[in-house]
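>>> please find the sequence and the predicted model below.
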Amino acid sequence: MVSAAACPFCAIVTGDDADARVVYRGQQVTVFFPLEPATRGHTLVVPNRHVADLTDLTAAESRDLGEAVHRTARAVRAALSPEGLNVIQSTGAVATQSVPHVHFHVVPRWSDDRMTLRWPAEAAEDGPAQDRTLSAIQAVLPAEAGVVSTEDRRQHLSFIQAVITRMSQASSSSKSWLLPIVTLTFGYAITHKSIVVALLGCLAVLVFGVLDANYLKQERAFRKLYDEVAAGHAVPPFSMNPALASPAGTKVNYWPDWPDVRSWAVAPVYGPLLLAGVGIIVWLICR
Ligand SMILES: [Zn+2]
Ligand SMILES: [Zn+2]
């Protein structure tokens with residue numbers, strides 16, 4: 001194992017290698033030319049920390065590297081107008097890694113260049129074997145998804161919190177819209193002895209009630225999602241799908257469930273209004 005002290009890429013990162021052609025020197029990554037470029041503009045992107053194995057990078061380092069590779073590819077493309085380019089990363093001797101410091105090769109390509117890259121003509125696995133490989137990888141993937149930085153989790157939580165706030169704002173604005181409508185229709189129904197307008201008033205109460213109960217339902221679903229993310233359970237980073245936090249088989253729809261309708265925020269508000277409307281209708285009929 002080559003230590004950081006003996007690592008040629010670390011020498012470039014620290015600036016000890018005065019001969020290196022450095023394209024870019026950043027806080028997290030360094031971009032430079034290899035000693036022996038495979039094509040014109042062949043560039044290497046490395047993390048500043050000495051890490052030999054790609055899979056040992058932190059989530060933040062891999063994000064920074066990914067961005068740097070993308071930016072380098074764009075710069076190379078804009079400056080040299082190649083016909084195409086390869087991005088190559090090799091981990092392990094078997095994969096032809098020669099310097100034990102993670103690096104991405106950005107290799108501009110021309111049809112007459114000297115690069116050779118050959119993929120095998122035959123498939124390594126047949127369909128059923130691929131299915132077994134697929135499930136083997138998927139089996140460990142949730143654990144990998146669980147490795148979310150605290151910063152990402154905090155950001156995710158604040159997104160969810162924003163939805164919760166929006167839902168409760170929508171709920172209170174539906175209440176504030178309903179009150180003048182009810183006052184107007186019920187008042188009109190009483191003074192003009194109109195059953196139709198009283199019915200309209202009741203309909204409005206029902207519609208707003210269902211709407212509000214649905215806001216409450218969504219708010220509850222997002223609160224559950226919030227708890228799941230806060231607890232560090234396997235919710236994909238930045239997912240805003242509240243169904244992920246609900247028991248399997250739960251249908252996602254926009255009809256409030258009984259507990260939402262019965263809740264203190266819905267039943268005691270819309271119930272009496274509906275009763276008042278029904279009372280007015282009964283009074284108008286029996287008059
Ligand atoms: Zn190194
Ligand atoms: Zn290499």
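Arrived safely, thanks for sending. Given the structure is predicted, the values throughout are model-derived calculations rather than measurements. Ligands and ions are numbered 1, 2, ... in the order given.
>>> please spell out which residues along stretch 74-90 are buried.
Neighbour counts over stretch 74-90 (16 or more other C-beta atoms under 10 Å) mark 75-76, 82, 85-86, 88, 90 as buried. For glycine as for every other residue, the C-beta is placed from the backbone atoms N, C-alpha and C.
>>> so of those residues, which ones are in helices?
Among the buried residues of stretch 74-90, the ones falling in helices (DSSP state H) are 75-76.
>>> would you point out the most distant pair within the buried residues of stretch 74-90?
75 and 90 (22.4 Å; C-beta to C-beta).
>>> tell me what the host helix or strand of residue 69 is packed against?
Under the criterion of DSSP states H and E, residue 69 resides in helix 59-80. Helices and strands in packing contact with helix 59-80 are listed as strand 22-25, strand 29-32, strand 43-47, strand 84-89, strand 104-109; criterion 3 or more C-beta pairs under 8 Å, 6 or more residues apart in numbering; DSSP states H and E.
>>> what are the contacting residues of it?
23-24, 26, 28-29, 31, 40-41, 43, 45, 47, 49, 51, 57, 82, 85, 87, 102, 104, 106, 108, 147-149, 151-152 (C-beta atoms under 8 Å, 6 or more residues apart in numbering).
>>> that helix vs strand 104-109, what angle?
20 degrees (axes from the mean of the first three to the mean of the last three C-alpha atoms, to 10 degrees).
>>> re earlier: can you redo the helices and strands packed on helix 59-80 as a markdown table with mean pLDDT and distance to ligand 1?
Below are the helices and strands packed on helix 59-80 laid out as a markdown table (pLDDT from 0 to 100; distance: least, C-beta to the ion, whole Å):
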| stretch | mean pLDDT | distance to ligand 1 |
| --- | --- | --- |
| strand 22-25 | 96 | 15 |
| strand 29-32 | 97 | 10 |
| strand 43-47 | 98 | 7 |
| strand 84-89 | 96 | 15 |
| strand 104-109 | 98 | 14 |
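>>> turn those strands into a markdown table, including distance to residue 220.
Below are those laid out as a markdown table (distance: least, C-beta to C-beta, whole Å):
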| stretch | distance to residue 220 |
| --- | --- |
| strand 22-25 | 48 |
| strand 29-32 | 43 |
| strand 43-47 | 43 |
| strand 84-89 | 44 |
| strand 104-109 | 45 |
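>>> same for the top helix by length along the chain, what does it pack against?
The longest helix of the chain (DSSP H) is helix 150-191. In this structure, helix 150-191 packs against helix 195-230, helix 267-286, with contacts taken as 3+ C-beta pairs under 8 Å, 6+ apart.
>>> between the ones you listed, which one is nearest to ligand 1?
Relative to ligand 1, the nearest member of those by C-beta to the ion is helix 195-230, separated by 35.5 Å.
>>> just the mean pLDDT for that closest one, thanks.
Average pLDDT, helix 195-230: 90.
>>> now swap in stretch 67-79 and tell me
97.
>>> again with stretch 237-249
Regarding stretch 237-249, the rounded mean pLDDT is 69.
>>> show me where pLDDT drops low in the stretch 1-150 of the chain?
1-2, 142-148 (pLDDT under 70).
>>> for ligand 1, what are the nearby residues on it?
Within the stretch 1-150 of the chain, the positions near ligand 1 by C-beta under 5 Å from the ion are 7, 9-10, 50, 101.
>>> neighbour-wise, give me the winner out of the residues you listed.
Compared across these, residue 9 has the highest neighbour count, 24 neighbours, by other C-beta atoms under 10 Å.
>>> thought that residue was touching residue 45?
No. Applying C-beta atoms under 8 Å as the test, residue 9 and residue 45 come out as separate, 10.6 Å apart.
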